[in-house]
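Colleague: next comes the sequence, and after it the predicted model I'd like to discuss.
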Amino acid sequence: MIQKLTSEARATELSQLDGWQVAEGRDAIARSLQFADFNEAFGFMTRVAIKAQEMDHHPEWFNVYNKVDITLSTHEANGVTGRDIALARFIDGIAKSTRHS
């Protein structure tokens, strides 16, 4: 069974991520990204989707035009785990190579 991160471990990991914050009202982390246009946002989402499928760990996300809101939480652990941190790091890497604000 996948173990949820302790509060201390989550805080440590979160401090090393770019733009991620604790999601309001639940044990999850969240980040919003804005891209130049819909095409760039969709391309970003496609790259994340391929990695998420490989990991069998899928984000909750919402997209409107050039904005993508992402929430990560491991449902089977009912909170943030190392899987969420690994996917967040991957997302950070893609975001750095893509123009966004």
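Modeller: Now that the structure is in, tell me what you want to look at.
Colleague: low-confidence ranges in this protein?
Modeller: 99-101 (pLDDT under 70).
Colleague: where's the one residue sitting closest to the centre of it relative to Leu5, distance?
Modeller: Nearest to the mean C-alpha position of the chain, by C-alpha atoms, centre = their mean, lies Ala88 at 4.2 Å. Distance, Ala88 to Leu5, using C-beta to C-beta, to the nearest Å: 12 Å. In this view, the C-beta of every residue, glycine as well, is placed from N, C-alpha and C.
Colleague: ok, then the element right after the longest helix along the chain?
Modeller: With secondary structure taken from DSSP state H, the chain has its longest helix at helix 38-55. Sequence-wise, the next helix or strand downstream of helix 38-55 (DSSP states H and E) is strand 60-64.
Colleague: give me the contact list for that following strand.
Modeller: Applying C-beta atoms under 8 Å, 6 or more residues apart in numbering, the set of residues contacting strand 60-64 from outside is 28, 41-42, 45, 68-73.
Colleague: distance between stretch 88-101 and the chain's centre?
Modeller: Its chain's C-alpha centre and that of stretch 88-101 lie 10 Å apart, by C-alpha atoms, centre = their mean, to the nearest Å.
Colleague: ok so, going back, pull the longest helix of the chain out as CSV, backbone CA atoms only.
Modeller: Below are the C-alpha coordinates for helix 38-55, written out as CSV (Å, rounded to 0.1, in the frame of the first residue of the first chain):
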residue,chain,number,x,y,z
PHE,A,38,-4.5,27.1,-26.3
ASN,A,39,-2.1,25.1,-28.5
GLU,A,40,0.8,25.5,-26.1
ALA,A,41,-1.4,24.6,-23.1
PHE,A,42,-2.7,21.5,-24.9
GLY,A,43,0.8,20.4,-25.9
PHE,A,44,1.8,20.7,-22.3
MET,A,45,-1.1,18.7,-21.1
THR,A,46,-0.4,16.0,-23.7
ARG,A,47,3.2,15.6,-22.5
VAL,A,48,1.9,15.3,-18.9
ALA,A,49,-0.8,12.8,-19.9
ILE,A,50,1.8,10.5,-21.5
LYS,A,51,3.9,10.5,-18.4
ALA,A,52,0.9,10.1,-16.1
GLN,A,53,-0.2,7.1,-18.1
GLU,A,54,3.3,5.6,-17.8
MET,A,55,3.1,6.1,-14.0
